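Asker: Build me a structure from this.
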Amino acid sequence: MSNTKKISSALISVFSKDGLAPLIKTLSDLNVTFYSTGGTEQFIKDLGYDVVAVEDLTSYPSILGGRVKTLHPKIFGGILNRQNVESDVQELQTYDIPQIDLVIVDLYPFEKTVSSGANHNDIIEKIDIGGISLIRAAAKNYKDVMCVASVVDYNELLELLQEDNGSISEDARARFATKAFNVSSHYDTAIFNYFNSSKTETVFKLSETNGKVLRYGENPHQKGYFFGDFEAMFTKLHGKELSYNNLLDVDAAVNLMHEFKNDAPTFAILKHNNACGIATRASLKEAYTDALAGDPVSAFGGILISNTTIDEATANLINSLFCEVVIAPAFDPMAQEILASKKNRILLIQKDAKLPDTTVRTCLNGVLVQDKDLLTDSVEKLSYLTSKKPNDQELDDLIFASKICKHTKSNTIVLAKNKQLCASGTGQTSRVDALNQAIHKAVSFNFDLNGAVMASDAFFPFPDCVEIAGKAGITSVIQPGGSIKDDLSIDYCNANNISMVFTGIRHFKH
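Answerer: Numbers count the residues shown, from 1 in each chain. Purely as a prediction, here's the structure:
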């Protein structure tokens, strides 16, 4: 497509006037006729340019408190007519309708109004009617009309106008039509999701306009993209571009550390979305040291995250480890300088941004959507099933282990002691295999499991796990309960001086 069209007239109706003045000047220099209404009309006049009021063109005033301004055949006829259809051109002449070559719209800020906490009536009034109709009409008729539906596209429009003295190719008009329908579809999705917040309609609509092409997907032969507002969650201080796998690990790290947000200094190291080391200590340096001790082999190339500011002492220790990403609420100046000494190491400051309440994943020829697992086990909600009750230290360790378990791939068993991850068995088809894997790892890294605790993401169908754990030195167990054979595990614990608590909450993670 190369059919160029000279811009001679423009209908401009925008909520935000940001960035509009240079565009108005350029269009005026090109002798473009302006049509506008309301605040935009006044803005153009205040800049010193002539503008035809929409009300003068239609012979109708703005009515219903501004709800109806541009919805008129003299406006939409000027946009939707086909210049290569003789009857369309004749009707423009018959009804004295001007041809409109360019439509510039900035919609009422519906999403910002919702997120501001405004009341329902104010939100309803920010549902744009005329603007969205103008966008759809102009984008539909891209062969004859240029449609600009976002402030972010003003600079590109300026460049196009200046490149060819106000003429714009059909290729560019088609590309801008794509942008326009992206704006309109996203806008409608936001409105629907607001009205459907109680999920009265079993419909899935997700629209994310912030997209980024990644180097590749999970593997080099796969294409990868990230859709989301990364800058709303992080300030990137240093390092290479994040990869698809980096982003998955960062997501896992953020969700895990959210469990420890208000705890004493806590440091975690993750690999392939699972924690390979995590510890809570009086100082961050100690927390990092003990997190690394959990699995110093797997920590190589891992994702590191802290729940508090990373200081110089901790940074010096981290710097000797090859790691992909380091995340923290803040970095001391010297800590940042030390960690930035490795040019590819990614440093992220995590902002206090709200995490999604749902999870979405593809499945077969559709998607699966569910509420996020937002339940965190707490001492207050535990059920004590055994004769022996856990002591205070064991209770602290049980909750610590349960938090990790919740964010580890199922089937999983987590072993912890003194608020330190000793080992975990991850992603096993058998819970017994997960436990044996965890014990083997803990022993291989010289952990003494006598007095350690065990957490399971789901119930024990047989007493074999508590038996294996007890023989390894485990003295307390936390699990959901709910098996028809719970009594067998309880009986074994009672006979072998092991305390066990039930949470009543399963934490599968697949």
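
Asker: State the distance from T235 to D249.
Answerer: T235 sits 18 Å away from D249, going by C-beta to C-beta, to the nearest Å. For the C-beta atoms, the positions are set from N, CA and C on the backbone; glycine is no exception.

Asker: These two: which is more packed in?
Answerer: Set T235 next to D249 and count neighbours by other C-beta atoms under 10 Å: D249 wins out with 24 against 11.

Asker: May I have the phi/psi pair for the more buried one?
Answerer: Backbone torsions for D249, taken as degrees, to the nearest 10, come to phi -70, psi -40.

Asker: State the distance from the spatially most central residue of the chain to L247.
Answerer: Taking C-alpha atoms, centre = their mean, the centroid of the chain lies closest to G228, which sits 4.8 Å from it. Distance, G228 to L247, using C-beta to C-beta: 9 Å.

Asker: With L368 instead?
Answerer: In terms of C-beta to C-beta, L368 sits 20 Å off from L247.

Asker: In terms of neighbours, single out the busier of these two.
Answerer: L247 (17 against 11).

Asker: Quick check: the residue nearest to the centre of the chain touching T209?
Answerer: No - at 10.0 Å, G228 does not count as touching T209 under the criterion of C-beta atoms under 8 Å.

Asker: who's in contact with L242?
Answerer: L242 is in contact with L214, F230, V250, V325, I346, counting by C-beta atoms under 8 Å, 6 or more residues apart in numbering.

Asker: Just the buried ones out of those, please.
Answerer: Buried members of those, counted by 16 or more other C-beta atoms under 10 Å: L214, V250, V325, I346.

Asker: Just flag the most distant two among those.
Answerer: Farthest pair in those (C-beta to C-beta) is L214 and V325. Separation: 14.6 Å.

Asker: in this structure, which helix has the most residues?
Answerer: helix 170-195 (DSSP state H).

Asker: List the buried residues for that helix?
Answerer: 170, 172-173, 176-177, 179-184, 187, 190-191, 193-194.

Asker: how about those, which pair is most distant?
Answerer: Maximum distance among the buried residues of helix 170-195 (C-beta to C-beta): 36.2 Å, for E170 and Y194.

Asker: follow-up on the earlier one: give me the pLDDT value at the residue nearest to the centre of the chain.
Answerer: pLDDT for G228: 91.

Asker: Contact partners for it?
Answerer: The contact partners of G228, taken as C-beta under 8 Å, 6+ apart, are E208, N210.

Asker: could we number from 59 for the rest of this?
Answerer: Sure, I'll start numbering at 59, so the last one becomes G286.

Asker: if I look at it, how far off is I363?
Answerer: In this view, G286 and I363 are 18 Å apart by C-beta to C-beta.

Asker: Likewise for D435?
Answerer: 21 Å.

Asker: Between these two, which has more neighbouring residues?
Answerer: More neighbours surround I363 than the other of D435 and I363, with 29 against 23 (other C-beta under 10 Å).

Asker: So M315: helix, strand or coil?
Answerer: helix (DSSP: H, G, I helix; E, B strand; the rest coil).

Asker: As a check, name the ranges of all helices in the stretch 409-558 of the chain.
Answerer: Assigned by DSSP state H, counting those that start in this stretch, the helices in the stretch 409-558 of the chain fall at 450-464, 489-502, 522-530, 544-553.

Asker: could those helices go into a markdown table alongside mean neighbour count, distance to A333 and mean pLDDT?
Answerer: Below are the helices of the stretch 409-558 of the chain laid out as a markdown table (neighbours: other C-beta atoms under 10 Å; distance: least, C-beta to C-beta, whole Å; pLDDT from 0 to 100):
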| stretch | mean neighbour count | distance to A333 | mean pLDDT |
| --- | --- | --- | --- |
| helix 450-464 | 22 | 6 | 97 |
| helix 489-502 | 20 | 12 | 97 |
| helix 522-530 | 20 | 19 | 97 |
| helix 544-553 | 18 | 25 | 97 |
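
Asker: Just put those helices in JSON lines and tack on distance to T347.
Answerer: Converted to JSON lines, these look like this (distance: least, C-beta to C-beta, whole Å):
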{"stretch": "helix 450-464", "distance to T347": "17"}
{"stretch": "helix 489-502", "distance to T347": "17"}
{"stretch": "helix 522-530", "distance to T347": "24"}
{"stretch": "helix 544-553", "distance to T347": "33"}
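
Asker: Between those, which one is closest to L342.
Answerer: helix 450-464 (16.7 Å).

Asker: residue ranges for the helices of the stretch 109-258 of the chain, please.
Answerer: 112-116, 131-138, 144-152, 168-173, 178-183, 188-198, 212-221, 228-253.

Asker: Buried residues in the second one, which are they?
Answerer: Yep, that's helix 131-138 we're talking about. By neighbour count on 16+ other C-beta under 10 Å, the buried set for helix 131-138 is K132, I133, F134, G135, G136, I137, L138.

Asker: what do you get for stretch 550-566?
Answerer: Y550, C551, I556, S557, M558, V559, F560, T561, I563, R564, H565.

Asker: Stretch 425-434 now?
Answerer: Per 16+ other C-beta under 10 Å, stretch 425-434 contains no buried residues.

Asker: ok, back up a step: of all the helices of the stretch 109-258 of the chain, which one is nearest A322?
Answerer: Using C-beta to C-beta, the nearest of the helices of the stretch 109-258 of the chain to A322 is helix 168-173, at 33.0 Å.

Asker: Please save the CA atoms from the closest one in PDB.
Answerer: Only the C-alpha atoms of helix 168-173 are listed here, as PDB (Å, rounded to 0.1, in the frame of the first residue of the first chain):
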ATOM      1  CA  PHE A 168     -11.600   5.400  32.700                       C
ATOM      2  CA  GLU A 169      -8.900   3.100  34.200                       C
ATOM      3  CA  LYS A 170      -7.200   5.900  36.200                       C
ATOM      4  CA  THR A 171     -10.600   6.900  37.600                       C
ATOM      5  CA  VAL A 172     -11.300   3.400  38.800                       C
ATOM      6  CA  SER A 173      -7.800   3.000  40.300                       C
END
